[in-house]
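Trainee: coords please:
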Amino acid sequence: MSNAVQCTGSNAPDPQRGDELQSSPDMHSGLPKACQFIFFKLGLCSLYPRKITVADLLSINSLSLTNNQPRTDSELWRYFVNKLMMLDVKCRYVRCEHAKEECTIRSANEDDFFSFGEEINESADEKTHIHPMDVHMAVFHCTDDFARERFISKLSACQFALPLLVPNLSTGQIEVPLYALQQIKKIWASNSQTGTEQHVSEYILSSHVRVVSFIRVGTSKISKSQIMNYILNDNKHPAYFSRHCDGNTKTRLLLDGVAEISWYCPGGSKDCIFQECVSLINLHGDANKHPGQLEFIQRISSVIVVLLPEDPREPEIVESVKRLQETQIPLIFLFSGVEHVTSSSDNRIAAKNRNDAELKREIVSKVTCVLHKQNDVQSLESHIDTAIKSGLITTTER
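Mentor: Modelled structure (predicted):
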């Protein structure tokens, strides 16, 4: 690509040199500094925003990338795109291949056997690799409308969750890749009122499908994304990237505030956890910090599953729960720090030290109970149209 710049070697900025990063002529002042650094490391400086075209994606797809793994950060996004275009589900786990050190194992010194060097954690964090979903989202922010449609269609073919709500990095405005999502088709089997099995093939955004949303309030040691992966397919194929996925790091910047969507499409078997197609939305990050996304989710959801921190009695958490309960939306609360709830009939679920299968069964049972009581279902497309007209969100298309 002729308009790409190389941000490697001597041209790559040092994270400690904030002044140089801020004054770079290649970057846009509207981007947060931390985000600028990611684009520098990936070599995407001149491609933000929205400068990657379909032709660029296809040219990357035609490249003969002989190495199994990229050797520099600036190669990461090309390898990611190349594998995604080939529908390689391992595309999200691409990372730099550094020289391997000789494997040696020695007996630990008895004097410092129980010392693990906690005091040097900061230097270790500085050398960590780029989070896979930062690569994923950086490419998304750099694609134009037509490339974005191709990008999302490939994500869908790989059975990955799709970006639904994406904060604009420069303006903070909540955007929806509407046209790209309108092209996504899903197939599922459902049972009619007469008991006969019906196979449905529809553009999923215009289909009347119930929405189950998952949000987190505060912080938690439990992974909400992993719970959702277990609900979808017993975590056999992670639609959502969780902290337990290969390549995860503590430094994740571009995914916070993003709401991803996937669909549970039943096959007609009695073993299916839902007998109708259900949309599953995952809001990444603390919902308190993303009020616009939370408002949209409250508008469209049939039920919201709320993951609470280990100590839910903190004043900020208590106030957040009260605000959520003031709405008319059915809520199910997952308590990260509770091992047992006395009553099994209310909307609280203990999530601490729970067997994955048991936790999944209890969540699905309560969600299904709520869904069975609801008859009025609108399409997600109509909800999005209403939110756009009210100014809450906007489309990414130009």
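Trainee: ok, and for the helix or strand containing residue 383, which residues are buried?
Mentor: Assigned by DSSP states H and E, residue 383 falls within helix 380-389. Within helix 380-389, the residues scored as buried using 16 or more other CB atoms under 10 Å are 380, 381, 383, 384, 387. For every residue, glycine as well, the C-beta is placed using N, CA and C.
Trainee: which other residues reach it?
Mentor: Helix 380-389 has contacts (CB atoms under 8 Å, 6 or more residues apart in numbering) with 176, 178, 182, 204-206, 209, 211, 279, 296, 299-300, 393-395.
Trainee: in the protein, what spans have low per-residue confidence?
Mentor: For the chain, applying pLDDT under 70 flags the ranges 1-30, 62-68, 97-105, 110-111, 117-127, 192-195, 398.
Trainee: got the domain ranges for it?
Mentor: Using automatic domain parsing, the domain parsing of the chain gives 1-98+128-158, 171-395.
Trainee: show me what whatever helix or strand comes next after the helix holding residue 383 packs onto, helices and strands only.
Mentor: Later in the chain than helix 380-389, the nearest helix or strand by DSSP H and E is strand 394-395. Contacts defined by 3 or more CB pairs under 8 Å, 6 or more residues apart in numbering; DSSP states H and E place strand 394-395 against strand 174-176.
Trainee: could you point out the helix or strand that follows the strand it packs on?
Mentor: helix 178-182.
Trainee: which elements pack onto that following helix?
Mentor: Applying 3+ CB pairs under 8 Å, 6+ apart, one finds that helix 178-182 makes contact with helix 145-157.
Trainee: what about the helix it packs on, distance to the chain center?
Mentor: From the chain centre to the centre of helix 145-157 is a distance of 16 Å (CA atoms, centre = their mean, to the nearest Å).
Trainee: render the CA-only coordinates of that helix in CSV, please.
Mentor: Taking Å, rounded to 0.1, in the frame of the first residue of the first chain, the C-alpha atoms of helix 145-157 are listed here in CSV:
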residue,chain,number,x,y,z
ASP,A,145,-17.1,1.6,4.5
PHE,A,146,-16.7,-1.1,1.9
ALA,A,147,-13.6,-2.6,3.5
ARG,A,148,-15.5,-2.6,6.8
GLU,A,149,-18.3,-4.6,5.2
ARG,A,150,-15.8,-7.2,4.0
PHE,A,151,-14.0,-7.2,7.4
ILE,A,152,-17.3,-7.8,9.4
SER,A,153,-18.5,-10.5,6.9
LYS,A,154,-15.3,-12.4,7.5
LEU,A,155,-15.6,-12.1,11.3
SER,A,156,-19.2,-13.5,11.0
ALA,A,157,-17.9,-16.4,8.9
